[in-house]
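Peer 1: Could you look at this predicted model? Sequence included:
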Amino acid sequence: MEHSDPTNAKANIAVIGAGWWSQGWHLPSLHNNQRCNLVAIVDTSPHPKSNLNPDLEPLTVLAQKYLTRIYSSTEELLEDTKLCSTLDGVVIATPHATHFETFSDIITEIDFRRSNNDSKPLHVLMEKPMSTDVHHALSLHSMVTAESFTTSNSQFWVNH
């Protein structure tokens, strides 16, 4: 019987937020990473805008450039159960004030997997700051230290 080598497996990653940081760093880095499949880009705006980079590309151009799917919301990504079930990780690079809401959506997928005895973890890299609201930050901490999260084998990191 032939076994696949897990060290050669590629991680399926979605980037949520297609602003200046994603377009300047996350998307090109993930696309060029030999151990990664950039499987989705999510942004609520079809043409992200930024004062820091006025030359951001629209989602349709990003989809062609990175040979990936685009979604207009985290909910839309999660509703694509065929793709979602293959996700190994997400990068949350949305505006700071939306980090809590975005992670709350992602944790529903982690909980869904756990409740269906799916042992596949869903790892999360969140850009700093974790939140602009101290109550949201405390809630995020509670979510990632709860038994339901820790027993899912998922990992949570805040990029710094």
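Peer 2: Thanks, I have the structure now. Numbers count the residues shown, from 1 in each chain.

Peer 1: so where's this protein uncertain?
Peer 2: 1-8 (pLDDT under 70).

Peer 1: tell me, which helix in it spans the most residues?
Peer 2: The longest helix of the chain (DSSP state H) is helix 99-115.

Peer 1: So which other helices or strands are in contact with the helix or strand containing residue 27?
Peer 2: According to DSSP states H and E, residue 27 maps onto helix 27-32. Contact here means 3 or more CB pairs under 8 Å, 6 or more residues apart in numbering; DSSP states H and E; on that basis helix 27-32 packs against strand 11-16, strand 36-42, helix 59-66. C-betas here are computed from N, CA, C, even on glycine.

Peer 1: which other helices and strands contact the longest helix of the chain?
Peer 2: helix 74-79, strand 89-92, strand 123-127, helix 134-145, helix 147-150.

Peer 1: Compare these and give me the one nearest residue 38.
Peer 2: Evaluated with CB to CB, these place strand 89-92 nearest to residue 38, the distance being 9.7 Å.

Peer 1: which one is residue 21 nearest to, not counting chain neighbours?
Peer 2: Take residue 21 and drop its neighbours on the chain: the residue closest to it by CB to CB, 6 or more residues apart in numbering is residue 93, 5.4 Å away.

Peer 1: Tell me how many other residues crowd that neighbour.
Peer 2: Residue crowding around residue 93 was assessed by other CB atoms under 10 Å; the count is 25.
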